[in-house]
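**Student:** need a structure here:
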Amino acid sequence: MIFEHQSKNKKILLITSLIILVLGVLMVFYSNVIFQEGNPWPQIKGLAQLTFGNQDVVKLDAEENKYITKSNNQELIKSFMKEKGYDFTEQMGSGYFFQNDLGDRLVAVHKFYSRFYSVWTISETNNLKESIEWINYKNEEYGFAMSYPEFSINNYFWGANLPEEFSPLDLLLPNQILNKNNNFYLTQKYNLEINQQTGELIKTKNTFIPEYRENNFSYPLPWHIVIFDVENETDLDLLIKNKLGSGCNFKSKIATSFANNYGIEINGDGKDLGSTNCPVNYANYIIYSPVVKKVAFWSIGQECNIGLGFGYDNCWDGKIADSFHFYDYNFVFNREQKITITENSNNPANNLWTTTTNSDGVTYQYPKELLAKYISVIKWPPVVKIETGTYSCKTTPPEVSRISDITSKRMVDDRAYCVNVKHEGAAGSVYSSYAYTTVKNNKLIKVSFTLQYPNCNNYDDKQNEACVSERQAFDVDSTVDRIVQSIK
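**Tutor:** Down below sits the predicted model:
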């Protein structure tokens with residue numbers, strides 16, 4: 001009996017040793033996998049339920065909404081979400097997006113747990129497209145404005161090129177407009193590559209600016225915008241020939257949604273692509289303003305360039321192009337006047353701008369009046385304050401924005417402004433209170449004022465048209481920027 005008992009103990013000890021040895025080997029060679037989710041116990045229980053139970057999807061963590069499935073079978077998670085009332089909408093890398101009939105959105109982010117299992121983390125999410133803010137960009141020197149999304153995903157990573165191990169947020173990069181002379185280039189702030197050995201994302205700053213060369217008819221880079229001065233449509237026709245090819249000529253102009261801005265149609269020479277002297281297609285844009293006497297040329301390329309993925313809903317090229325327009329700066333104040341103009345100047349043409357010093361000792365310049373017929377100043381001159389602190393701008397999300405109180409980011413040249421506008425309705429008009437915040441010389445600058453806008457629909461057709469045109473051309477941002485740049 002004693003020997004039998006010793007034999008059993010030896011067997012138990014041997015089995016225990018083998019288990020410890022196996023676990024040790026697993027720990028040495030597969031510790032990264034075993035502990036990739038932290039405490040491995042929930043995963044071990046989940047694997048047991050998948051192996052010995054009849055479930056295809058097992059919940060691992062009640063608080064974090066983590067689930068485990070066999071292999072990377074996306075149909076399992078789609079069926080699971082369908083049972084919960086959520087339909088699959090799109091995939092972006094490791095993110096699988098779902099939405100129910102009420103508009104609630106969830107994202108299931110996939111991660112491999114060894115080659116044989118997958119871990120899914122399900123969480124609420126705003127629609128990525130709707131959560132991205134848009135920047136209003138203005139360039140005073142060339143007198144144009146446009147809007148573009150603050151972030152986008154490089155189109156190289158759309159579709160099959162979006163690595164499974166990354167979520168869309170990993171690949172979201174800020175956009176920027178680079179400028180050299182009359183060349184403007186809308187592009188991402190960084191070039192993004194994936195190190196094939198380590199799998200890490202590598203970002204390098206993008207500083208390249210393409211430049212226009214006369215009589216160079218090769219296809220331009222998408223979103224390389226070139227601005228030219230033109231006196232009339234005859235000059236425009238010559239410029240079209242020089243810019244696009246000798247076989248091109250001016251055909252007609254089509255009004256855009258902005259006053260005094262026109263899209264230009266051109267005639268080609270009717271030859272095929274191999275012999276034509278007008279190699280232009282639908283991707284080319286020409287915007288012309290006979291009032292400002294400027295024209296812009298650019299191409300958006302043969303495929304979508306700025307957006308989150310393929311498909312109309314995820315591509316923003318058209319929306320950006322539609323936002324481009326020249327603005328008539330003269331109606332705000334004389335464009336030839338500089339911010340050094342003071343009330344005591346001997347030049348009678350310079351009497352619009354005046355200099356003031358407030359109770360805090362801040363000296364700045366502002367226009368005594370706005371050269372506008374249908375827009376009135378209420379709280380004026382603007383209140384200017386200089387404060388210490390850190391610049392931040394919490395913008396109003398598109399899905400919850402109210403017309404009565406909106407905060408947005410705006411750009412004037414390369415200067416960023418956080419703009420809050422509060423609207424208050426009154427009989428026949430709207431009072432808009434503006435608060436602009438920016439940084440100058442490491443100080444926070446705040447400019448605030450109130451303007452009154454009448455309801456243009458209260459006028460007859462002719463005055464209504466004039467009122468709407470004035471409203472569209474009115475450039476508050478550039479006026480504030482000149483005030484800020486004058487601060488001493």
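**Student:** Nearest residue to the residue sitting nearest the centre point of the chain in space, ignoring adjacent ones along the chain?
**Tutor:** For the chain, the residue nearest the mean C-alpha position is residue 149 (1.7 Å; C-alpha atoms, centre = their mean). Using C-beta to C-beta, 6 or more residues apart in numbering and skipping the chain neighbours, the partner closest in space to residue 149 is residue 132 (5.1 Å). Glycine gets a C-beta too; all of them are placed from N, C-alpha and C.
**Student:** circling back to that earlier point, dump the residue contacts of the residue nearest to the centre of the chain.
**Tutor:** Listed by C-beta atoms under 8 Å, 6 or more residues apart in numbering, the contact set of residue 149 reads 132-135, 175, 306, 316, 320.
**Student:** So which of these sit within helices?
**Tutor:** Using DSSP state H, the subset of the contacts of residue 149 located in helices is residue 320.
**Student:** Quick one, which of the contacts of residue 149 are buried?
**Tutor:** Neighbour counting by 16 or more other C-beta atoms under 10 Å classes 132, 134-135, 175, 306, 316, 320 among the contacts of residue 149 as buried.
**Student:** Would you indicate which residues of stretch 436-452 are buried?
**Tutor:** For stretch 436-452, the neighbour count (16+ other C-beta under 10 Å) marks 436-439, 444-451 as buried.
**Student:** quick one on the thing from earlier: let me know the closest of the buried ones among the contacts of residue 149 to residue 81.
**Tutor:** residue 132 (24.3 Å; C-beta to C-beta).
**Student:** Output the buried ones among the contacts of residue 149 as TSV; include the columns distance to residue 73 and pLDDT.
**Tutor:** Shown next, in TSV, are the buried ones among the contacts of residue 149 (distance: C-beta to C-beta, whole Å; pLDDT from 0 to 100):
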residue	distance to residue 73	pLDDT
132	31	78
134	38	83
135	41	85
175	36	91
306	34	90
316	33	90
320	39	93
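**Student:** would you list those in a markdown table and tack on distance to residue 420?
**Tutor:** As requested, those are exported to a markdown table (distance: C-beta to C-beta, whole Å):
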| residue | distance to residue 420 |
| --- | --- |
| 132 | 20 |
| 134 | 16 |
| 135 | 16 |
| 175 | 23 |
| 306 | 27 |
| 316 | 25 |
| 320 | 24 |
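**Student:** now the helices for the stretch 351-488 of the chain?
**Tutor:** Remark: helices assigned in the stretch 351-488 of the chain by DSSP state H, counting those that start in this stretch are 461-473, 476-485.
**Student:** now do the stretch 1-150 of the chain
**Tutor:** Using DSSP H, counting those that start in this stretch, helices in the stretch 1-150 of the chain cover 2-34, 41-52, 74-83, 128-131.
**Student:** Kindly report the same for the stretch 151-300 of the chain.
**Tutor:** If DSSP H, counting those that start in this stretch is used as the criterion, the helices of the stretch 151-300 of the chain fall at 168-171, 233-244.
**Student:** Residue 255 against residue 264, yeah?
**Tutor:** No. With contact defined as C-beta atoms under 8 Å, residue 255 does not count as touching residue 264 (11.4 Å).
**Student:** When the two are compared, which one has more neighbours?
**Tutor:** Neighbours per residue, other C-beta atoms under 10 Å: of residue 255 and residue 264, the larger number sits with residue 264, 21 against 10.
**Student:** Does the more buried one touch residue 284 like I think?
**Tutor:** No. The pair residue 264 and residue 284 fails to qualify as a contact (C-beta under 8 Å) at a distance of 9.6 Å.
**Student:** Give me the common contacts of those two.
**Tutor:** In contact with both residue 264 and residue 284: no residue, using C-beta under 8 Å, 6+ apart.
**Student:** what residue ranges in the stretch 101-250 of the chain score low on pLDDT?
**Tutor:** Residues of the stretch 101-250 of the chain that meet the criterion pLDDT under 70 lie in 103, 114-115, 125-131, 159-169, 214-219.
**Student:** show me the residues around residue 457 that make contact.
**Tutor:** Going by C-beta under 8 Å, 6+ apart, residue 457 touches residue 464.
**Student:** for residue 439, same thing?
**Tutor:** Applying C-beta under 8 Å, 6+ apart to residue 439 gives the contacts 391, 416, 445.
**Student:** Quick one, grab the pLDDT at the last one.
**Tutor:** In other words, residue 445. With respect to pLDDT, residue 445 scores 93.
**Student:** which strand residues sit across from it in the sheet?
**Tutor:** Beta-bridge partners for residue 445, by DSSP bridges, are residue 386, residue 438.
**Student:** was I right about it contacting residue 383?
**Tutor:** No. The criterion here is C-beta under 8 Å, and residue 445 misses it with residue 383 at 11.4 Å.
**Student:** isn't residue 204 right next to residue 188, touching?
**Tutor:** No. Because the distance of 10.9 Å does not satisfy C-beta under 8 Å, residue 204 is recorded as not touching residue 188.
**Student:** So for those two, which sits in the more crowded spot?
**Tutor:** The residue with more neighbours, out of residue 204 and residue 188, is residue 188; 19 against 9, by other C-beta under 10 Å.
**Student:** Check whether that one really touches residue 157, as I assumed.
**Tutor:** No. Between residue 188 and residue 157 there is no contact under C-beta under 8 Å: 11.2 Å.
**Student:** list the residues that contact both of these two?
**Tutor:** In contact with both residue 188 and residue 157: no residue, using C-beta under 8 Å, 6+ apart.
**Student:** The nearest residue to residue 211 once chain neighbours are set aside: how many residues sit nearby?
**Tutor:** Distances taken as C-beta to C-beta, 6+ apart put residue 183 closest to residue 211, at 5.2 Å, once the chain neighbours are dropped. Applying other C-beta under 10 Å, we find 15 residues neighbouring residue 183.
**Student:** ok, now which ones touch residue 183?
**Tutor:** Per C-beta under 8 Å, 6+ apart, neighbours of residue 183: 209-212, 224-226.
**Student:** One more: residue 429?
**Tutor:** Listed by C-beta under 8 Å, 6+ apart, the contact set of residue 429 reads 452-455.
**Student:** Could you report the distance from it to residue 420?
**Tutor:** Per C-beta to C-beta, to the nearest Å, residue 429 is found 20 Å from residue 420.
**Student:** now residue 255
**Tutor:** 32 Å.
**Student:** again with residue 262
**Tutor:** Counting by C-beta to C-beta, the gap from residue 262 to residue 420 is 34 Å.
**Student:** What of residue 314?
**Tutor:** 30 Å.
**Student:** if I look at the residue nearest to residue 356 when sequence neighbours are not counted, how far off is residue 231?
**Tutor:** Nearest non-adjacent residue to residue 356, counting by C-beta to C-beta, 6+ apart: residue 381, 6.3 Å away. As defined by C-beta to C-beta, residue 381 lies at a distance of 37 Å from residue 231.
**Student:** between the two, who's got more neighbours?
**Tutor:** Neighbours were counted for residue 381 and for residue 231 using other C-beta under 10 Å; residue 381 has more, 16 against 9.
**Student:** Surely that one touches residue 448?
**Tutor:** No. Using C-beta under 8 Å, residue 381 makes no contact with residue 448, being 10.6 Å away.
**Student:** Between the contacts of residue 439, which sits nearest residue 235?
**Tutor:** The nearest one, if we look at the contacts of residue 439 relative to residue 235 and count by C-beta to C-beta, is residue 416, at 35.3 Å.
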